[in-house]
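Asks: Fold the following for me, if possible:
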Amino acid sequence: MVEDDAELARLLERVLTGEGHADTLAADGHRALHLGLTGSFDLLLVDRGLPAIEGLELIARLRGRGVRSPVLVLSARGSTQDRVEGLDAGAEDYLAKPFDIAELLARVRALLRRHQDEAMFLDVPGGRLLWDERVVERGGGTRVELSEREARLLRLLASRPRQVFTRQDLLTRVFDDAESDGAVDTYVHYLRRKLGRGVIGTVRGVGYRLGAL
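Replies: As a prediction, the model looks like this:
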């Protein structure tokens, strides 16, 4: 939730937690950008008039870095043109302030249902990764089974297809019990051997990213 109005933020936190959601609050655009690029969220609630980075610019930056989480804009700017701008910036929905809490929760539920349906698989070069089965489906009905660590590594890269991850990033997020970033190179090798060298790209001097889709 990205909201700089402290009173409204507290109200929304109470409402969302009352519905069983866990929420993370950012009060400005810089903090929200950091959280969006380093965390994983089922839904983003974004105000427009934010300090540091304006709401629509924030959305555009996140989309440009491959963040796919659905976005619901909450804004006092509610004209038709404002809503069009929000949707064109990459938001899935737009709700003008003041809003009815019941309507907000209904829109949140709808976006979460849609996101969960889409999140059952992630596009990868030459196929798609099935989220729950640790299997990559390829053309012609071919299925390639992955180990748990292979699937975790590919899932992270595919969830941020434009982001370059350092070896340390991947070591921390995927190989939390490994002592050396050599584990990252080893599992990149395993995935390339199973799915082809193009599945993961190397960015020299930086790290790895998903290969071209």
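Asks: What is the helix ranked longest in the chain packed up against?
Replies: Identified as the longest helix of the chain according to DSSP state H is helix 101-118. For helix 101-118, the elements it packs on are helix 6-18, strand 71-75, strand 93-96, judged by 3 or more CB pairs under 8 Å, 6 or more residues apart in numbering; DSSP states H and E. Bear in mind the C-beta positions are built from the backbone N, C-alpha and C, glycine included.
Asks: Quick one: list the elements packing against the first one.
Replies: Judged by 3+ CB pairs under 8 Å, 6+ apart, helix 6-18 is in contact with helix 101-118.
Asks: swap in the shortest one?
Replies: Applying 3+ CB pairs under 8 Å, 6+ apart, one finds that strand 93-96 contacts strand 71-75, helix 80-88, helix 101-118.
Asks: Neighbouring strands - and their directions - for the first one?
Replies: What that stands for is strand 71-75. strand 44-47 (parallel), strand 93-96 (parallel) (DSSP bridges).
Asks: returning to that earlier point: and for the longest helix of the chain, what's in contact with it?
Replies: Applying CB atoms under 8 Å, 6 or more residues apart in numbering, the contact partners of helix 101-118 are 15-16, 19, 21, 42-43, 45, 69-70, 72, 74, 92-93, 95.
Asks: pLDDT (mean, whole number) over the helix or strand harbouring His189?
Replies: If you go by DSSP states H and E, His189 is part of helix 182-195. For helix 182-195, the mean pLDDT works out to 94.
Asks: Likewise for stretch 74-86?
Replies: On average, stretch 74-86 scores 93.
Asks: which regions of this protein lie under the pLDDT threshold?
Replies: 116-119, 177-179 (pLDDT under 70).
Asks: Only the C-alpha atoms, please, for the longest helix of the chain, written as PDB.
Replies: C-alpha atoms of helix 101-118 as PDB (Å, rounded to 0.1, in the frame of the first residue of the first chain):
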ATOM      1  CA  ILE A 101     -15.000   0.500   1.700                       C
ATOM      2  CA  ALA A 102     -17.200  -2.400   0.500                       C
ATOM      3  CA  GLU A 103     -16.500  -1.500  -3.200                       C
ATOM      4  CA  LEU A 104     -12.800  -1.200  -2.500                       C
ATOM      5  CA  LEU A 105     -12.700  -4.700  -0.900                       C
ATOM      6  CA  ALA A 106     -14.700  -6.100  -3.800                       C
ATOM      7  CA  ARG A 107     -12.200  -4.700  -6.300                       C
ATOM      8  CA  VAL A 108      -9.300  -6.100  -4.200                       C
ATOM      9  CA  ARG A 109     -10.900  -9.600  -4.200                       C
ATOM     10  CA  ALA A 110     -11.500  -9.400  -8.000                       C
ATOM     11  CA  LEU A 111      -7.900  -8.400  -8.700                       C
ATOM     12  CA  LEU A 112      -6.500 -11.100  -6.400                       C
ATOM     13  CA  ARG A 113      -8.600 -13.800  -8.000                       C
ATOM     14  CA  ARG A 114      -7.400 -12.700 -11.500                       C
ATOM     15  CA  HIS A 115      -3.800 -12.500 -10.400                       C
ATOM     16  CA  GLN A 116      -3.900 -16.000  -8.800                       C
ATOM     17  CA  ASP A 117      -5.300 -17.500 -12.000                       C
ATOM     18  CA  GLU A 118      -2.600 -15.900 -14.000                       C
END
